[in-house]
Structures are given as C-alpha cells and as structure tokens.
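A.B. asks: sequence isn't available, so here's the structure alone:
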C-alpha cells in the first residue's frame, strides 16, 4: 500500500437541488454541504481537477463550480496588501 500524501484541491459546487449531493460522492470526498445556501465543498485529487470540473458543470442540477485558491496562497504571507488580496479601507486606519 502507498501511504503518500496526494495533493488535493477543494471545489465549491453550487446546486439547484440538494438531491444531487449524493451523486457528488463518485467524484471526490464531500467535506461540507449547506442545505440553506445550496452548495457543497468537494475535495478531489489535484491531477483530476480539470476533468472533474468539466463533468460537474455538465450535470443538470449544478449551477456553478469554483476552485479553491488555497493551494495558490503563500503560507509565509507577510503583507496581504502587497499581494492584492486585501485592500486597505478607511475603517482600518481609525483607532
């Protein structure tokens, strides 16, 4: 058995109907499903992300599929403003 860590990517799948959640199991591991907001967080292998994303988009009850940007973020991030992820607001300067 191979117990190596495989890189994974999170997919946020927005659904028209929550009945579709059970059928998402064949594509990856369902981490969370929100009944109220009609979405599910699905983890798949990094090498299969593009093919699984296309298959999910072709499903009837799927509205939208978004990829998580977590693996692209730098864990040693010092200043969020330099990367463009965060913009300073007027409220930040008031203290």
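C.D. replies: Nice, thanks for sending it over. The shown structure was predicted, so the numbers you read here are calculated from the model rather than taken from an experiment. Residues are numbered from 1 along each chain as shown.
A.B. asks: give the burial count for residue 51, as a bare number.
C.D. replies: Neighbourhood size, residue 51 [other Cβ atoms under 10 Å]: 11. For glycine as for every other residue, the C-beta is placed from the backbone atoms N, C-alpha and C.
A.B. asks: name whatever forms a beta bridge with residue 40.
C.D. replies: Applying DSSP bridges to residue 40 gives these bridge partners: residue 13, residue 33.
A.B. asks: wait, it sits on residue 10?
C.D. replies: No: with contact defined as Cβ atoms under 8 Å, residue 40 does not reach residue 10; the gap is 10.6 Å.
A.B. asks: wait, residue 62 sits on residue 18?
C.D. replies: No: the pair residue 62 / residue 18 is not scored as a contact, 11.9 Å apart, by Cβ under 8 Å.
A.B. asks: settle it for me: which of these two has more neighbours?
C.D. replies: Shown here are residue 62 and residue 18; by other Cβ under 10 Å, residue 62 has more neighbours (19 against 15).
A.B. asks: who's in contact with that one?
C.D. replies: 13, 14, 15, 16, 20, 56 (Cβ atoms under 8 Å, 6 or more residues apart in numbering).
A.B. asks: who's in contact with stretch 2-17?
C.D. replies: The set of residues external to stretch 2-17 that reach it, using Cβ under 8 Å, 6+ apart, is 21, 24, 28, 31, 38-47, 49, 52-53, 56, 60-68, 70-71.
A.B. asks: any buried residues in that stretch, and which?
C.D. replies: 8, 9, 10, 11, 13, 15 (16 or more other Cβ atoms under 10 Å).
A.B. asks: need the helix or strand of this structure with the lowest average pLDDT.
C.D. replies: When the helices and strands of the chain are scored by mean pLDDT, DSSP states H and E, helix 90-93 comes last with a mean of 58.
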